[in-house]
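> The following block contains a protein sequence and its predicted model.
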Amino acid sequence: MRTSGGICMIQTEKISVHDQLHQATANLINQTQIEVSLVEPINEISALEFFKKTQLLGDRIFWKNPTGDMQIAGVGAHKRLKPKNGEDRFQSIREQWEAYLETCSLPDESVTGTGPILFGGFSFMDHIDQTDDTWEAFASGEMILAKWMLTEQDGQTYLTHHATIDETTNVNEIANRFTEMKKVLSKPIMEEALPKMQSMNDQFTYEHWETLLNEAIDTIREQALEKVVLARKTDVLFDHKIPLAEVIERMIDKQTNSYVFVIEQENDAFIGATPERLVQVKGNELLSACLAGTTARGKTEDDDEMLAWQLLNDKKNREEHDYVVQMIKQSVAPYVESFDIPDTPVIYPLKSLQHLFTPVTATLKNDATILELVKQLHPTPALGGEPRDKALQFIDEKEPFDRGWYAGPIGWLDANFDGEFAVAIRSGLITENQATLFAGCGVVKDSDPQAEYEETRIKFIPMLDALGGTQ
Ligand SMILES: C=C(O[C@@H]1C=C(C(=O)O)C=C[C@H]1O)C(=O)O
Ligand SMILES: [Mg+2]
């Protein structure tokens, strides 16, 4: 499916929106209706500003990769691809995307991250438990083709617009939409103050947690399971509506080495700053990451180095980490010609915590799409456990809430099936003045419930910090 070498460099800046439309309408001889993806360079605005200024225009999306060289903001949904009932959710999205691309008039060349890009994600489990209304706005998977998208890629900025045209379409009207959009984007921004935190309600008491952890540890010692990742959630209430753009801004500022993502669904927004890549595909290059094993940051430099050294040499954390390495190796093996995975992890430092990290680099065989790789990899034992089926069953039966999109894959893909997915941790669901935050930890035979509780406490900090709740 993937064309070799991917989409390459481009002259969109030389082709006006008008000309792109005229080229597309030429195809209307064979088809009654076609899809267009119009791209225009635009220089004066960042993805975050676009996000702020389009608040009233529809549901928004936001994505920043850890280096920040790719940032995407989008508004409105031209298409919403959701898995069809009874079909494999990744396969179903793939088929719908291929069908769309068949009808879409694509430029011969384009810049990565512009043109037809799907952005979205999948729930942790292959279904959403609708007995609880927390996730009622979210499906088991949804990939959105935004009406408007602003892409910052390697220092250049582009505006993409998606539309359907037929022989009755007034091409000038479509080209004028760019002028209208640029007017909206030139308006000044109103800064909104972060709200004050009023209460934090851990639905899960420590006693509940301890009982659950002991049950998991016993199950592991009885050898019915090797590792299981268990999570808790907390509801945080604020004194007024949470302004998403300001939260994103703080995440970008504070959570270095992390992806920042948002997906709005009417009044709900799923938002997070995660360090964990699930998979990136660029041409035939694959990148993945094993991230598991956690400690805090030290207060002094010496203290910090000591904690890092202890983490690198801690048997329990190394075991927790190794399950992820082994599983990722096995999962990608059938799809790659060769891969490179170092034997020992290194430290991945974040603002409030540090992890054990093993990078994965591989050369893909030609026939795998990123959606297939996501399907194979998700959930890794960093979020599910080992063996996968037993761990998922344990989570489904014992964790006292539905994870929804927490710990699921979130990201984007393009017309070549190049793209990137992260794991949606360090995340929360925001509705008006309320945020439901999630944090989990890997349980193995030597886990201690108290220490794991503390680990999840520090994993709430990135979100609390972004919401202004940890002064
Ligand atoms: C499950 C989470 O994090 C995962 C669990 C980790 C661990 O237990 O050491 C480390 C990184 C993540 O893979 C979370 O942050 O909610
Ligand atoms: Mg851990």
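Ah, there it is. Residues are numbered from 1 along each chain as shown. Ligands and ions are numbered 1, 2, ... in the order given.
> hey, let's count contacts and neighbours off CA atoms from now on
Fine.
> just for the protein, where's the confidence low?
Applying pLDDT under 70 to the chain flags the ranges 1-14, 108, 470-471.
> And it, what are its domain boundaries?
12-186, 197-466 (automatic domain parsing).
> Now tabulate those domains in JSON lines and tack on mean neighbour count.
Formatted as JSON lines, the domains of the chain follow (neighbours: other CA atoms under 10 Å):
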{"stretch": "domain 12-186", "mean neighbour count": "18"}
{"stretch": "domain 197-466", "mean neighbour count": "20"}
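> do you know which of the ones you listed lies nearest ligand 2?
domain 197-466 (4.4 Å; CA to the ion).
> Just give the closest residue to the residue nearest the centre of the chain, not the sequence neighbours.
Nearest residue to the geometric centre of the chain (CA atoms, centre = their mean): residue 410, 2.8 Å. Spatial nearest neighbour of residue 410, excluding adjacent residues (CA to CA, 6 or more residues apart in numbering): residue 121 at 4.1 Å.
> and if you look at residue 336?
residue 364 (4.2 Å).
> residues contacting the one you found?
Listed by CA atoms under 8 Å, 6 or more residues apart in numbering, the contact partners of residue 364 are 284, 285, 286, 335, 336, 337, 338.
> Could you report the separation of the residue nearest to the centre of the chain from residue 94?
15 Å (CA to CA, to the nearest Å).
> Next, please give the residue ranges for the helices of the chain.
17-25, 47-53, 89-103, 171-186, 206-221, 244-254, 301-312, 315-332, 370-377, 388-398, 449-466 (DSSP state H).
> Now render those helices as CSV, adding distance to residue 423.
Below are these laid out as CSV (distance: least, CA to CA, whole Å):
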stretch, distance to residue 423
helix 17-25, 36
helix 47-53, 21
helix 89-103, 16
helix 171-186, 31
helix 206-221, 23
helix 244-254, 16
helix 301-312, 22
helix 315-332, 13
helix 370-377, 10
helix 388-398, 16
helix 449-466, 14
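> Out of those, which is closest to residue 76?
Residue 76 lies closest to helix 47-53 among these, at 11.3 Å (CA to CA).
> What is that closest one packed up against?
With contacts defined as 3 or more CA pairs under 8 Å, 6 or more residues apart in numbering; DSSP states H and E, the packing partners of helix 47-53 are strand 60-64, strand 70-81, strand 141-153, helix 171-186, helix 244-254.
> any chance of the ones you listed in TSV, plus distance to residue 130?
Putting these into TSV (distance: least, CA to CA, whole Å) gives the following:
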stretch	distance to residue 130
strand 60-64	24
strand 70-81	20
strand 141-153	14
helix 171-186	37
helix 244-254	25
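> pretty sure residue 61 contacts residue 265?
No - judged on CA atoms under 8 Å, residue 61 makes no contact with residue 265 at a distance of 9.3 Å.
> does the residue nearest to the centre of the chain have beta-bridge partners, and which?
residue 121, residue 422 (DSSP bridges).
> returning to that earlier point: assess the claim that the residue nearest to residue 410 and residue 138 are in contact.
No - the pair residue 121 / residue 138 is not scored as a contact, 9.7 Å apart, by CA under 8 Å.
> ok, the nearest residue to residue 81 once chain neighbours are set aside - contacts?
Excluding the flanking residues, the one nearest residue 81 by CA to CA, 6+ apart is residue 143, at 5.2 Å. Residues in contact with residue 143 (CA under 8 Å, 6+ apart) are 80, 81, 82, 93, 118, 119, 120, 121.
> residues from the stretch 151-300 of the chain in reach of ligand 1?
With the criterion set to CA under 6 Å from any ligand atom, the stretch 151-300 of the chain comes near ligand 1 through 291, 292, 293, 294.
> From ligand 1, how far off is the nearest residue to the first one once chain neighbours are set aside?
The spatial neighbour of residue 291 that comes closest, neighbours along the chain excluded (CA to CA, 6+ apart), is residue 357 at 4.7 Å. In this structure, residue 357 lies at 9 Å from ligand 1, with CA to the nearest ligand atom, to the nearest Å as the measure.
> Check residue 226 too.
Residue 226 is 14 Å from ligand 1, by CA to the nearest ligand atom.
> so who does that residue touch?
Counted by CA under 8 Å, 6+ apart, residue 226 has contacts 220, 385, 386, 387, 444, 445.
> Looking at those residues, spot the one nearest residue 66.
residue 385 (25.3 Å).
> beta partners of the nearest residue to the closest one once chain neighbours are set aside?
Sequence neighbours aside, residue 228 is the residue nearest to residue 385 in space, at 4.1 Å (criterion: CA to CA, 6+ apart). Bridge pairing for residue 228 (DSSP bridges) gives the partners residue 385, residue 443.
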